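*Asks:* Next comes the sequence, and after it the predicted model I'd like to discuss.
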Amino acid sequence: MHDGDRGAAPTGDPPFPGGAGGAPATGESASLVQAARDRLLSRLHLAHLLTPMERQTLEDYAALHSAAAVAEARVCSVRTVQKHRENARRKLQCHTTQEACQLLALSDAEEIRNIA
């Protein structure tokens, strides 16, 4: 980064076109939320591919919010936690750990619904 680049406004389109200040318009917001939900729901069937350790890692990560905290609670290395998390994200086709945790939670909720 050059000294002249600091504080420069980002270039390109806003993250949500049509909204003021980068925020989506009301109709666009609903459609974006629905599209994100549909993408998650289309991958619910992938949750069965997770090993018990990958599943537990995502559940612990959702509760503890860091690989270091999960590693400490499990008495294992941070790298072990990171590797389980990476494998889970890959199998679930998720770009972020938050997305993987959400998908797993939706999958678990769907399983409970099917039992009842």
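*Replies:* Looks like it arrived, so ask away. Computed from a predicted model, the values in this text were never measured in an experiment.

*Asks:* If you count contacts, what does the lowest-mean-pLDDT helix or strand in the chain end up packed against?
*Replies:* When each helix and strand of the chain is scored by mean pLDDT, DSSP states H and E, helix 26-41 comes last, with a mean of 77. Counting contacts by 3 or more CB pairs under 8 Å, 6 or more residues apart in numbering; DSSP states H and E, helix 26-41 packs against helix 97-115. All C-beta spots, glycine's among them, are computed from the backbone N, C-alpha and C.

*Asks:* Could you figure out how far the helix it packs on is turned away from helix 26-41?
*Replies:* Here helix 97-115 points in a direction 70 degrees away from that of helix 26-41 (axes from the mean of the first three to the mean of the last three CA atoms, to 10 degrees).

*Asks:* Number of residues surrounding the nearest residue to residue 94 once chain neighbours are set aside?
*Replies:* Distances taken as CB to CB, 6 or more residues apart in numbering put residue 100 closest to residue 94, at 4.1 Å, once the chain neighbours are dropped. For residue 100, the number of neighbouring residues by other CB atoms under 10 Å comes to 29.
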